[in-house]
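**Q** here's a sequence, model it:
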Amino acid sequence: MIADGGLPGAEAAALWHAAENAGAVGAVEAIVCTHMHRDHSGQIAALSARHGAPLFMTAEEHSKVIAASGASLEQRRHQLSAFLVTLGVPAAEARLTAPPDYSLLAAFPRDYHPLEDGMMLSLAGTNWQVMTGGGHSTRAACLISQDSRFLLAGDQLLAGAGPHISVGLNEPEADLLSEYFAFLDRLAVLPETMTVLPGHGAVFAGIPAHALNLHKAHQKRLSRLVGQIRGAMSCAEMAPLVFAPQTIRHFGYLLPGMVLSLANHLWHRATLTRHQDDDGVWRFALA
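**A** A predicted model of the protein is given here:
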């Protein structure tokens, strides 16, 4: 079984070829794509073609990668620029922001087997239960081994501060934090000894405690935003209220969407109000 494929491009392709030539990849019976982001889906088409293995992913993630790969880089640049302006990013800065190029994934397989929450798969000599969740992406898939030893988590559960939760231009009013909180709550019953195989970083254990810490960290940002917002503010203006300078620098164009995930969560609960000003900027204020 192959779980995710890495970024598109020659560098990642060379790593896969090297692993295959070394005999580290063989008898591939299935390819699982946990979610549509380029750093996980970028080599899926090539791997599927070489190994002839069926692809498994959720219908929502498959639909999104097909749609994204059908748009040109210029189309995505225009869409992203308009979205960032809505979040309070100056128009000149927004126009210079380059989105990830999903047109490189135009050959992504159209045929796939849809994963659904709770279904069982028998792969790599192990039975796995599918667990889906939102937050970092629309409907990512994780796999839990039936013997409770492993959670193949993709990006749904990462060590440290966890995955970023960022509202994107295709679902600007989504309450992704509610989706992620619901996912984290489901992890409370998993064994402390279960090993997480994440999409980035080293393996780790202690899932229930880590999930609780991630939940608390997001709640802390929500409380900080409610306590510090003054007047009607855009997402760009609210960013320094809830994120450290190094976080703002690291996440770049994703940062306004990360703030929007907080604002939308509070807006859906009527803690914040939202209106669009004369420049087309969404502004949030205490209700």
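
**Q** I'd assumed R283 was in a helix, is it?
**A** No: R283: not assigned to a helix; according to DSSP: H, G, I helix; E, B strand; the rest coil it is strand.

**Q** and it, what's its pLDDT?
**A** Per-residue confidence (pLDDT) for R283: 98.

**Q** what's around it, how many residues?
**A** Under the neighbour criterion other Cβ atoms under 10 Å, R283 is assigned a count of 20. Glycine gets a C-beta too; all of them are placed from N, C-alpha and C.

**Q** list the contacts for it?
**A** Listed by Cβ atoms under 8 Å, 6 or more residues apart in numbering, the contact partners of R283 are 232-234, 274-277.

**Q** in those, find the pair that's most separated.
**A** Spatially, the most separated pair among the contacts of R283 is M233 and Q276, at 13.4 Å (Cβ to Cβ).

**Q** which one of these two is surrounded by more residues?
**A** A direct count of neighbours by other Cβ under 10 Å for M233 and Q276 places M233 higher, at 22 against 10.

**Q** which strand residues bridge that one?
**A** Counting by DSSP bridges, M233 is bridged to F284.

**Q** re the thing from before, report the buried members of the contacts of R283.
**A** 232-234 (16 or more other Cβ atoms under 10 Å).

**Q** still on that earlier bit, redo the contacts of R283 as TSV? Include pLDDT and distance to L197.
**A** Shown next, in TSV, are the contacts of R283 (pLDDT from 0 to 100; distance: Cβ to Cβ, whole Å):
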residue	pLDDT	distance to L197
A232	98	44
M233	98	40
S234	98	39
R274	98	39
H275	98	44
Q276	97	43
D277	97	46
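
**Q** using TSV, lay out those residues together with distance to F83.
**A** As requested, these are exported to TSV (distance: Cβ to Cβ, whole Å):
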residue	distance to F83
A232	19
M233	17
S234	13
R274	15
H275	17
Q276	13
D277	16
